[in-house]
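J.: pasting the sequence and the predicted model now:
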Amino acid sequence: MRTKAAFFNRTRFIIGNGENTRFWEDTWLGAQPLALQYPLLYNIAQRKQTTVAAVLRQTPLNIQFRRALIGNRWVRWLHLVRRLMDISLSDYPDSIRWRLTTNGTFSVKSMYDHIIDTSPISKSMNIWKVKVPLKIKIFMWFVHKGVVLTKDNLAKRQWKGNKRCSFCQTHEMIKHLFLDCPMAKLLWRSIQITFNITPPTSIHMLFGTWLDGVNVLYAKLIRVGTCAILWAIWNCRNDLVFNRMNYINFLQIIFRATALIRMWSLLTPAATREPLVTGCVRWEMVAQVIFNRYGWRHANRIRP
């Protein structure tokens with residue numbers, strides 16, 4: 001039933017005799033079913049499954065309501081009636097047009113693309129277009145889906161270890177590790193100073209609206225850098241957890257990220273390699289200035 005509903009939500013009925021089109025629940029007048037355009041009327045309609053032919057072939061219109069049409073219901077009813085006056089039935093059968101293709105013919109690809117593009121995580125499609133190794137794309141997808149094995153996710157699997165962040169004393173979660181940890185905040189602040197990019201405030205924003213309004217070519221370069229910084233944070237965190245390293249400062253993470261960006265730049269078109277390398281140099285210079293001035297302690301902050 002869900003598949004059927006998903007299919008018909010992406011179709012438009014071309015009215016002929018009106019016998020095979022549902023008046024309220026099919027899309028035939030406007031971009032949405034009348035049930036969504038006129039919910040006040042649909043909610044009190046007696047026959048919700050009635051056809052267009054059953055309604056329009058009688059005068060007055062063959063629609064009965066359970067309640068009186070007063071106030072806003074009356075206004076919406078008059079609006080609907082004015083639109084229905086322009087509809088004429090014919091002797092030809094109704095036809096269906098697929099709204100997602102130019103020729104009106106159904107294709108699985110068009111439906112798949114539309115489902116992805118209109119889902120709450122549509123922007124994550126950009127992950128798969130970034131010129132980075134496949135394992136990095138998969139990692140970014142896991143971050144977005146919230147399934148990276150941070151300590152809170154391990155605890156859900158009955159893991160009994162220390163749940164504190166490797167960089168600070170807060171409980172480790174995906175948002176904390178990559179955005180809210182003092183170490184992560186310092187990294188994002190260095191990016192803001194270098195490139196004048198406002199840091200994301202949530203994982204949803206990171207993969208969603210964060211780069212809205214940014215030049216398309218510039219956004220592609222930013223996404224390469226985003227993959228590098230998240231992957232560098234994750235690997236440095238793993239060094240602390242599994243390789244028993246006792247100390248990592250933010251410069252080590254940045255230089256690991258810039259090394260990745262330089263390596264991945266070879267996967268990008270020649271025209272974009274120089275901006276990536278130049279961006280790495282700028283970021284490293286700013287990071288060294290910050291480090292020389294403040295050093296690294298968990299209590300340090302760079303004020304906005």
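T.: Structure's in. What do you need?
J.: make it CA atoms for all contacts and neighbour counts henceforth
T.: Fine.
J.: what segments of the stretch 51-200 of the chain are strands?
T.: For the stretch 51-200 of the chain, the strands defined by DSSP state E, counting those that start in this stretch occupy 95-98.
J.: how about low-confidence regions in it?
T.: 114-125 (pLDDT under 70).
J.: what's in contact with stretch 267-280?
T.: Residues outside stretch 267-280 that contact it (C-alpha atoms under 8 Å, 6 or more residues apart in numbering) are 131-132, 221, 258, 261-262, 265-266.
J.: hmm, which two among those are most spread apart?
T.: K131 and T258 (15.0 Å; C-alpha to C-alpha).
J.: looking at these two, which one has more neighbours?
T.: Neighbours were counted for K131 and for T258 using other C-alpha atoms under 10 Å; T258 has more, 23 against 20.
J.: residues near the residue lying closest to V286 once chain neighbours are set aside, how many?
T.: Spatial nearest neighbour of V286, excluding adjacent residues (C-alpha to C-alpha, 6 or more residues apart in numbering): T194 at 6.4 Å. T194 has 17 neighbouring residues, counting by other C-alpha under 10 Å.
J.: identify the residues contacting T194.
T.: Per C-alpha under 8 Å, 6+ apart, neighbours of T194: 282-283, 286.
J.: please indicate which of these are buried?
T.: Taking 16 or more other C-alpha atoms under 10 Å as the criterion, what is buried in those is W283.
J.: nearest to F178, of the contacts of T194?
T.: Ranked by distance to F178 (C-alpha to C-alpha), these are led by W283 at 18.2 Å.
J.: which element is the closest one on?
T.: Assigned by DSSP states H and E, W283 belongs to helix 270-294.
J.: pull out the buried residues from that helix.
T.: By 16+ other C-alpha under 10 Å, the buried positions in helix 270-294 come out as 272-273, 276-277, 279-280, 283-284, 287-288, 290.
J.: taking those residues, tell me the two that lie furthest apart.
T.: The distance between the two most remote of the buried residues of helix 270-294 (C-alpha to C-alpha) is 27.4 Å, for T272 and I290.
J.: please, where are all the helices along the stretch 201-304 of the chain?
T.: 203-207, 216-242, 250-264, 270-294 (DSSP state H, counting those that start in this stretch).
J.: make CSV out of the ones you listed and add mean pLDDT and distance to M85.
T.: Converted to CSV, these look like this (pLDDT from 0 to 100; distance: least, C-alpha to C-alpha, whole Å):
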stretch, mean pLDDT, distance to M85
helix 203-207, 87, 46
helix 216-242, 92, 46
helix 250-264, 94, 62
helix 270-294, 88, 58
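J.: out of those, which gets nearest to N103?
T.: Of all these, helix 216-242 comes closest under C-alpha to C-alpha, at 29.2 Å.
J.: which elements pack onto that closest one?
T.: helix 134-145, helix 250-264 (3 or more C-alpha pairs under 8 Å, 6 or more residues apart in numbering; DSSP states H and E).
J.: what about 7 Å?
T.: Helices and strands touching helix 216-242, by 3 or more C-alpha pairs under 7 Å, 6 or more residues apart in numbering; DSSP states H and E, are helix 250-264.
J.: ok, and for the helix it packs on, which residues are buried?
T.: 250-251, 253-262, 264.
J.: take those residues and write them to a markdown table, including distance to F106.
T.: Formatted as a markdown table, the buried residues of helix 250-264 follow (distance: C-alpha to C-alpha, whole Å):
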| residue | distance to F106 |
| --- | --- |
| F250 | 52 |
| L251 | 53 |
| I253 | 49 |
| I254 | 48 |
| F255 | 50 |
| R256 | 47 |
| A257 | 44 |
| T258 | 45 |
| A259 | 46 |
| L260 | 43 |
| I261 | 41 |
| R262 | 44 |
| W264 | 39 |
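J.: nearest to T59 among those residues?
T.: Scanning the buried residues of helix 250-264 for proximity to T59, where the rule is C-alpha to C-alpha, the winner is W264, at 69.7 Å.
J.: next one: that closest one from A184, what distance?
T.: 22 Å (C-alpha to C-alpha, to the nearest Å).
J.: if I pick L34, what's in contact with it?
T.: Residues in contact with L34, defined by C-alpha atoms under 7 Å, 6 or more residues apart in numbering, are 24-25.
J.: and it, its phi and psi?
T.: phi -60, psi -20 (degrees, to the nearest 10).
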